[in-house]
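In: next comes the sequence, and after it the predicted model I'd like to discuss.
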Number of protein chains: 2
Amino acid sequence: MTATLFVCQTCRIAGQEPEGEDRPGALLHHALLAEPLPDGVTIRAVDCLSACSQGCSVALSGIGKWTYVYGRMALTDAAAILDGAARYAASNDGVVPWRERPEIFRKQSLARIPPQAPPNRSEP
Amino acid sequence: MTATLFVCQTCRIAGQEPEGEDRPGALLHHALLAEPLPDGVTIRAVDCLSACSQGCSVALSGIGKWTYVYGRMALTDAAAILDGAARYAASNDGVVPWRERPEIFRKQSLARIPPQAPPNRSEP
(Lines give C-alpha, C1' and ligand atoms only; values in the text may rest on other atoms or scores of the structure.)
Protein backbone atom coordinates (compact mmCIF):
# COMPACT_ATOMS: atom_id res chain seq x y z
CA MET A 1 0.00 0.00 0.00
CA THR A 2 1.32 3.40 -0.91
CA ALA A 3 0.62 7.11 -0.58
CA THR A 4 1.90 10.27 -2.17
CA LEU A 5 2.22 13.23 0.19
CA PHE A 6 2.12 16.44 -1.82
CA VAL A 7 3.62 19.48 -0.11
CA CYS A 8 2.93 22.98 -1.43
CA GLN A 9 6.22 24.85 -1.85
CA THR A 10 4.84 28.35 -2.12
CA CYS A 11 2.48 28.34 0.86
CA ARG A 12 2.66 31.09 3.39
CA ILE A 13 1.33 30.66 6.90
CA ALA A 14 -2.34 31.64 6.73
CA GLY A 15 -2.77 35.20 7.96
CA GLN A 16 0.94 35.95 8.39
CA GLU A 17 3.36 37.97 6.35
CA PRO A 18 6.46 36.07 5.20
CA GLU A 19 9.46 36.67 7.45
CA GLY A 20 12.41 35.20 5.56
CA GLU A 21 13.47 34.24 2.08
CA ASP A 22 12.13 30.71 2.28
CA ARG A 23 8.40 30.24 2.11
CA PRO A 24 6.88 28.31 5.03
CA GLY A 25 5.75 25.69 2.50
CA ALA A 26 9.34 25.06 1.44
CA LEU A 27 10.43 24.95 5.08
CA LEU A 28 7.69 22.42 5.85
CA HIS A 29 8.91 20.31 2.93
CA HIS A 30 12.43 20.36 4.42
CA ALA A 31 11.06 19.50 7.86
CA LEU A 32 9.21 16.52 6.40
CA LEU A 33 12.32 15.29 4.61
CA ALA A 34 14.25 15.48 7.87
CA GLU A 35 11.88 13.00 9.57
CA PRO A 36 12.03 9.21 9.08
CA LEU A 37 10.03 8.35 5.94
CA PRO A 38 7.24 5.84 6.66
CA ASP A 39 6.94 2.71 4.53
CA GLY A 40 5.01 3.26 1.35
CA VAL A 41 5.01 7.08 1.55
CA THR A 42 6.50 9.23 -1.21
CA ILE A 43 6.93 12.96 -0.58
CA ARG A 44 6.47 15.23 -3.58
CA ALA A 45 6.94 18.99 -3.58
CA VAL A 46 4.47 20.88 -5.77
CA ASP A 47 4.40 24.50 -6.86
CA CYS A 48 0.87 25.23 -5.66
CA LEU A 49 -2.10 23.33 -4.27
CA SER A 50 -4.37 26.37 -4.76
CA ALA A 51 -5.23 26.50 -1.09
CA CYS A 52 -3.34 29.75 -0.66
CA SER A 53 -5.48 31.24 2.11
CA GLN A 54 -5.08 28.09 4.22
CA GLY A 55 -1.30 27.53 4.16
CA CYS A 56 0.69 25.54 4.77
CA SER A 57 -1.18 22.91 2.80
CA VAL A 58 -0.52 19.26 2.03
CA ALA A 59 -2.46 16.54 0.20
CA LEU A 60 -2.51 12.76 0.36
CA SER A 61 -3.44 10.62 -2.60
CA GLY A 62 -3.01 7.08 -3.84
CA ILE A 63 -4.34 5.08 -6.76
CA GLY A 64 -7.82 3.80 -5.92
CA LYS A 65 -7.95 5.84 -2.71
CA TRP A 66 -9.81 8.91 -1.50
CA THR A 67 -7.66 12.05 -1.75
CA TYR A 68 -7.41 14.37 1.27
CA VAL A 69 -6.26 18.00 1.47
CA TYR A 70 -5.22 19.58 4.76
CA GLY A 71 -4.50 23.21 5.62
CA ARG A 72 -2.99 25.44 8.28
CA MET A 73 -0.13 23.00 8.84
CA ALA A 74 2.77 24.30 10.95
CA LEU A 75 6.44 23.39 10.74
CA THR A 76 6.07 21.60 14.05
CA ASP A 77 3.44 19.32 12.51
CA ALA A 78 5.91 17.37 10.35
CA ALA A 79 5.94 14.24 12.52
CA ALA A 80 2.13 14.21 12.87
CA ILE A 81 1.70 14.69 9.11
CA LEU A 82 3.94 11.68 8.44
CA ASP A 83 2.11 9.63 11.05
CA GLY A 84 -1.15 10.40 9.25
CA ALA A 85 0.47 9.66 5.89
CA ALA A 86 1.66 6.26 7.15
CA ARG A 87 -1.86 5.33 8.29
CA TYR A 88 -3.25 6.52 4.97
CA ALA A 89 -0.65 4.48 3.07
CA ALA A 90 -1.56 1.37 5.06
CA SER A 91 -5.29 1.73 4.34
CA ASN A 92 -7.11 0.09 1.46
CA ASP A 93 -9.14 3.07 0.35
CA GLY A 94 -7.50 6.04 2.05
CA VAL A 95 -10.21 6.28 4.71
CA VAL A 96 -8.38 5.96 8.04
CA PRO A 97 -10.68 5.39 11.05
CA TRP A 98 -11.50 8.78 12.57
CA ARG A 99 -9.90 8.15 15.97
CA GLU A 100 -6.67 6.96 14.37
CA ARG A 101 -6.14 10.19 12.43
CA PRO A 102 -3.80 12.84 13.83
CA GLU A 103 -5.72 15.71 15.41
CA ILE A 104 -4.48 18.13 12.72
CA PHE A 105 -6.07 15.87 10.10
CA ARG A 106 -9.34 15.62 12.02
CA LYS A 107 -9.62 19.36 12.52
CA GLN A 108 -7.93 20.88 9.47
CA SER A 109 -9.38 19.07 6.47
CA LEU A 110 -9.93 21.36 3.50
CA ALA A 111 -11.46 18.76 1.20
CA ARG A 112 -11.53 15.11 0.25
CA ILE A 113 -12.24 13.64 -3.17
CA PRO A 114 -13.40 10.11 -3.98
CA PRO A 115 -11.21 7.78 -6.01
CA GLN A 116 -11.99 7.45 -9.69
CA ALA A 117 -13.53 4.02 -9.28
CA PRO A 118 -16.54 3.98 -6.95
CA PRO A 119 -15.40 2.84 -3.50
CA ASN A 120 -17.06 -0.09 -1.76
CA ARG A 121 -17.89 2.06 1.21
CA SER A 122 -18.69 5.63 2.02
CA GLU A 123 -18.07 7.60 5.17
CA PRO A 124 -20.59 9.92 6.79
CA MET B 1 -11.36 12.81 -22.71
CA THR B 2 -13.49 12.52 -19.65
CA ALA B 3 -14.21 14.10 -16.28
CA THR B 4 -16.08 13.15 -13.16
CA LEU B 5 -17.92 15.99 -11.47
CA PHE B 6 -18.46 15.13 -7.81
CA VAL B 7 -21.28 17.03 -6.08
CA CYS B 8 -21.53 17.08 -2.30
CA GLN B 9 -25.04 16.11 -1.24
CA THR B 10 -24.93 17.34 2.32
CA CYS B 11 -23.49 20.81 1.75
CA ARG B 12 -25.18 23.79 3.24
CA ILE B 13 -24.67 27.27 1.85
CA ALA B 14 -21.63 28.67 3.65
CA GLY B 15 -22.73 30.93 6.47
CA GLN B 16 -26.44 30.27 6.10
CA GLU B 17 -28.85 28.20 8.12
CA PRO B 18 -30.75 25.57 6.12
CA GLU B 19 -34.21 26.70 5.08
CA GLY B 20 -35.95 23.58 3.78
CA GLU B 21 -35.76 19.84 3.98
CA ASP B 22 -33.41 19.45 1.06
CA ARG B 23 -29.82 20.44 1.57
CA PRO B 24 -28.47 23.03 -0.87
CA GLY B 25 -25.95 20.40 -2.01
CA ALA B 26 -28.75 18.04 -3.02
CA LEU B 27 -30.56 20.91 -4.74
CA LEU B 28 -27.40 21.80 -6.65
CA HIS B 29 -27.10 18.18 -7.74
CA HIS B 30 -30.66 18.31 -9.08
CA ALA B 31 -29.95 21.63 -10.82
CA LEU B 32 -26.89 20.10 -12.51
CA LEU B 33 -28.87 17.07 -13.67
CA ALA B 34 -31.48 19.41 -15.19
CA GLU B 35 -28.88 21.02 -17.49
CA PRO B 36 -27.60 19.45 -20.72
CA LEU B 37 -24.75 17.08 -19.85
CA PRO B 38 -21.52 17.97 -21.71
CA ASP B 39 -19.68 15.26 -23.63
CA GLY B 40 -17.34 13.25 -21.48
CA VAL B 41 -18.70 14.51 -18.16
CA THR B 42 -20.12 12.14 -15.54
CA ILE B 43 -21.94 13.62 -12.53
CA ARG B 44 -21.59 11.71 -9.26
CA ALA B 45 -23.30 12.63 -6.01
CA VAL B 46 -21.16 12.07 -2.91
CA ASP B 47 -22.07 12.14 0.75
CA CYS B 48 -19.41 14.62 1.80
CA LEU B 49 -16.40 16.35 0.29
CA SER B 50 -15.24 17.54 3.74
CA ALA B 51 -15.39 21.17 2.68
CA CYS B 52 -18.32 21.83 4.98
CA SER B 53 -17.54 25.47 5.78
CA GLN B 54 -17.33 26.34 2.07
CA GLY B 55 -20.54 24.81 0.68
CA CYS B 56 -21.84 24.12 -1.80
CA SER B 57 -18.77 22.25 -2.97
CA VAL B 58 -17.94 20.29 -6.10
CA ALA B 59 -14.81 18.55 -7.39
CA LEU B 60 -13.52 17.64 -10.83
CA SER B 61 -11.23 14.69 -11.41
CA GLY B 62 -10.11 12.43 -14.21
CA ILE B 63 -7.52 9.69 -14.60
CA GLY B 64 -4.13 11.27 -15.23
CA LYS B 65 -5.47 14.76 -14.57
CA TRP B 66 -5.12 17.36 -11.85
CA THR B 67 -8.09 17.30 -9.44
CA TYR B 68 -9.83 20.58 -8.55
CA VAL B 69 -12.16 21.39 -5.65
CA TYR B 70 -14.44 24.43 -5.72
CA GLY B 71 -16.52 25.99 -2.97
CA ARG B 72 -19.29 28.50 -2.32
CA MET B 73 -21.19 27.32 -5.40
CA ALA B 74 -24.78 28.60 -5.72
CA LEU B 75 -27.75 26.89 -7.33
CA THR B 76 -27.60 29.48 -10.08
CA ASP B 77 -24.06 28.35 -10.93
CA ALA B 78 -25.12 25.01 -12.44
CA ALA B 79 -24.59 26.05 -16.08
CA ALA B 80 -21.22 27.65 -15.33
CA ILE B 81 -20.10 24.57 -13.38
CA LEU B 82 -20.94 22.35 -16.35
CA ASP B 83 -19.20 24.73 -18.74
CA GLY B 84 -16.07 24.45 -16.61
CA ALA B 85 -16.48 20.68 -16.38
CA ALA B 86 -16.72 20.43 -20.18
CA ARG B 87 -13.47 22.39 -20.61
CA TYR B 88 -11.80 20.23 -17.96
CA ALA B 89 -13.01 17.05 -19.70
CA ALA B 90 -11.60 18.27 -23.02
CA SER B 91 -8.17 19.00 -21.53
CA ASN B 92 -5.27 16.57 -21.50
CA ASP B 93 -4.18 17.13 -17.91
CA GLY B 94 -7.09 18.94 -16.30
CA VAL B 95 -5.34 22.31 -16.43
CA VAL B 96 -7.68 24.58 -18.40
CA PRO B 97 -6.14 27.90 -19.50
CA TRP B 98 -6.92 30.50 -16.85
CA ARG B 99 -8.95 32.82 -19.05
CA GLU B 100 -11.10 29.95 -20.29
CA ARG B 101 -12.22 28.95 -16.81
CA PRO B 102 -15.59 30.16 -15.50
CA GLU B 103 -15.20 33.05 -13.07
CA ILE B 104 -16.52 30.91 -10.20
CA PHE B 105 -13.67 28.46 -10.85
CA ARG B 106 -11.06 31.22 -11.02
CA LYS B 107 -12.21 32.82 -7.79
CA GLN B 108 -13.53 29.95 -5.68
CA SER B 109 -10.89 27.26 -5.83
CA LEU B 110 -10.47 25.43 -2.54
CA ALA B 111 -7.63 23.16 -3.64
CA ARG B 112 -6.09 21.28 -6.53
CA ILE B 113 -4.12 18.05 -6.39
CA PRO B 114 -1.66 16.72 -8.97
CA PRO B 115 -2.38 13.48 -10.82
CA GLN B 116 -0.67 10.37 -9.55
CA ALA B 117 1.81 10.29 -12.40
CA PRO B 118 4.02 13.39 -12.56
CA PRO B 119 2.57 15.77 -15.16
CA ASN B 120 4.67 17.11 -18.00
CA ARG B 121 3.94 20.66 -17.00
CA SER B 122 3.21 22.63 -13.90
CA GLU B 123 1.22 25.80 -13.51
CA PRO B 124 2.24 28.79 -11.41
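Out: Right, received. Where do you want to start?

In: would you check that residue A:90 makes contact with residue A:40?
Out: Yes - using CB atoms under 8 Å, residue A:90 makes contact with residue A:40 at a distance of 7.0 Å. Bear in mind the C-beta positions are built from the backbone N, C-alpha and C, glycine included.

In: please enumerate the shared neighbours of these two.
Out: Contact criterion CB atoms under 8 Å, 6 or more residues apart in numbering or on different chains; residues shared by residue A:90 and residue A:40: residue A:1.

In: flag every residue of chain A that's near chain B.
Out: Applying CB under 8 Å from any CB of the partner chain, we find that chain A lies next to chain B at A:4, A:6, A:44, A:46-51, A:57, A:59, A:61-63, A:67-69, A:109-114, A:116, A:118, A:122-124.

In: all strands for chain A, in order.
Out: For chain A, strands defined by DSSP state E occupy the ranges A:3-8, A:41-46, A:58-61, A:67-70, A:109-113.

In: next, format the ones you listed as a markdown table and append distance to residue B:33.
Out: Putting those into a markdown table (distance: least, CB to CB, whole Å) gives the following:
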| stretch | distance to residue B:33 |
| --- | --- |
| strand A:3-8 | 32 |
| strand A:41-46 | 34 |
| strand A:58-61 | 28 |
| strand A:67-70 | 24 |
| strand A:109-113 | 20 |
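
In: dump the ones you listed into CSV; add mean neighbour count and mean pLDDT as well.
Out: As requested, the strands of chain A are exported to CSV (neighbours: other CB atoms under 10 Å in any protein chain shown; pLDDT from 0 to 100):
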stretch, mean neighbour count, mean pLDDT
strand A:3-8, 25, 97
strand A:41-46, 18, 97
strand A:58-61, 27, 97
strand A:67-70, 27, 97
strand A:109-113, 24, 96
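
In: of all those, which one is nearest residue B:35?
Out: Across those, residue B:35 has its closest neighbour in strand A:109-113 (21.9 Å, CB to CB).

In: so, low pLDDT: which residues of chain A?
Out: By pLDDT under 70, the low-scoring segments of chain A are A:14-15, A:17-20, A:117-124.

In: can you give me the helices in it?
Out: For chain A, the helices defined by DSSP state H cover A:24-34, A:78-90, A:103-107.

In: most tightly packed of those helices?
Out: helix A:78-90 (a mean of 21; mean count of other CB atoms under 10 Å in any protein chain shown).
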